[in-house]
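Novice: below is the sequence, then the predicted model.
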Amino acid sequence: MAWRAAMGTTIHEFRILLNPDAPQSAGMTAFINNQYNFIKALNPSMPFLIRESPDASYTPMMYARYAYGVEHEKDVSNMSEADVTKAVKTLLMEGTSLPSSPHMPVINGSPEDII
């Protein structure tokens, strides 16, 4: 579970593109159904985007954006949920070797905080 909590400090944005009805996306769909709520609960400020394609031949992909706009991607076609989890952990480990930038402070939106 520690890897889920570490995502928000290393990955600035996590994107998934897939066709949930395509057989090559079955592992990614299972990963989303079983892991999304845990990851989002532990990293509420990290954008976790899921985009669906109507094209059944679309290759499911994961993208991780790190500090300074660096992006890495993984093709997760025909992977099981366990393999997708390993791929996510790989993206997380790749991010730990990159230079990091300080996170922006959280502003509650009141005018006093903005000015």
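Specialist: That came through fine.

Novice: wait, a helix at Asn37?
Specialist: Yes - residue state for Asn37 (DSSP: H, G, I helix; E, B strand; the rest coil) corresponds to a helix.

Novice: mind listing what it touches?
Specialist: Contacts here follow CB atoms under 8 Å, 6 or more residues apart in numbering; on that basis Asn37 touches nothing. C-betas here are computed from N, CA, C, even on glycine.

Novice: also Gly95?
Specialist: When contacts are counted by CB under 8 Å, 6+ apart, Gly95 is found next to 10-11, 64, 66, 72.

Novice: among the residues you listed, find the lowest-pLDDT one for me.
Specialist: Within the set of those, pLDDT is lowest for Thr10 (87).

Novice: am I right that that one is in contact with Thr96?
Specialist: Yes - between Thr10 and Thr96 there is a contact at 5.7 Å, judged by CB atoms under 8 Å.

Novice: the two: which is more packed in?
Specialist: For Thr10 and Thr96, the more surrounded residue by other CB atoms under 10 Å is Thr10, and the numbers stand at 21 against 11.

Novice: can you report phi and psi for the more buried one?
Specialist: Reported as degrees, to the nearest 10, the phi and psi values for Thr10 are phi -110, psi -40.

Novice: name the element the spatially closest residue to it that is not a sequence neighbour belongs to?
Specialist: Leaving aside its chain neighbours, Thr10 sits nearest to Gly95 (4.1 Å; criterion: CB to CB, 6 or more residues apart in numbering). Gly95 belongs to helix 81-96 when elements are defined using DSSP states H and E.

Novice: hmm, back to that, buried only: go through the contacts of Gly95 for me.
Specialist: Buried residues within the contacts of Gly95, counting neighbours by 16 or more other CB atoms under 10 Å: 10-11, 64, 66.

Novice: same list (the residues you listed) but as a markdown table, adding distance to Ser57 and secondary structure.
Specialist: Conversion of those to a markdown table gives the following (distance: CB to CB, whole Å; DSSP: H, G, I helix; E, B strand; the rest coil):
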| residue | distance to Ser57 | secondary structure |
| --- | --- | --- |
| Thr10 | 32 | helix |
| Ile11 | 28 | coil |
| Ala64 | 24 | strand |
| Tyr66 | 29 | coil |
